[in-house]
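Chemist: predicted model follows, preceded by the sequence.
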Amino acid sequence: MFHETPIYNRLVAERGDIPAQVRGEADRIHRHLAQVMPLHAPQNPPGPGFRHIVRQAPGHGRPYTAS
């Protein structure tokens, strides 16, 4: 983004390339999380009691049982 501006170049020379360091650390954390938490973990379906929650029907003001 600012790679061609003199102030960016001076800041990198003084402080290091912080955005690159942050990207590297984020990539490392992402890889670690991918090992610990699989991306496509099976989702648990709601239990049998879940169907009996009474809710208001949209726009009608009367309760219905979710199916």
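Modeler: Nice, thanks for sending it over.

Chemist: so what touches the helix or strand that L33 is a member of?
Modeler: L33 belongs to helix 18-36 when assigned by DSSP states H and E. Defining contact as CB atoms under 8 Å, 6 or more residues apart in numbering, one finds that nothing outside helix 18-36 touches it. Glycine gets a C-beta too; all of them are placed from N, C-alpha and C.

Chemist: give me the neighbour count for L11.
Modeler: By other CB atoms under 10 Å, 14 other residues sit near L11.

Chemist: separation between it and V22?
Modeler: From L11 over to V22 the distance is 14 Å, taken as CB to CB, to the nearest Å.

Chemist: report the separation between G24 and R10.
Modeler: Taking CB to CB, one finds G24 at 22 Å from R10.

Chemist: same check, this time on G16
Modeler: 12 Å.

Chemist: before we move on, what about L39?
Modeler: With CB to CB as the criterion, L39 and R10 are 40 Å apart.
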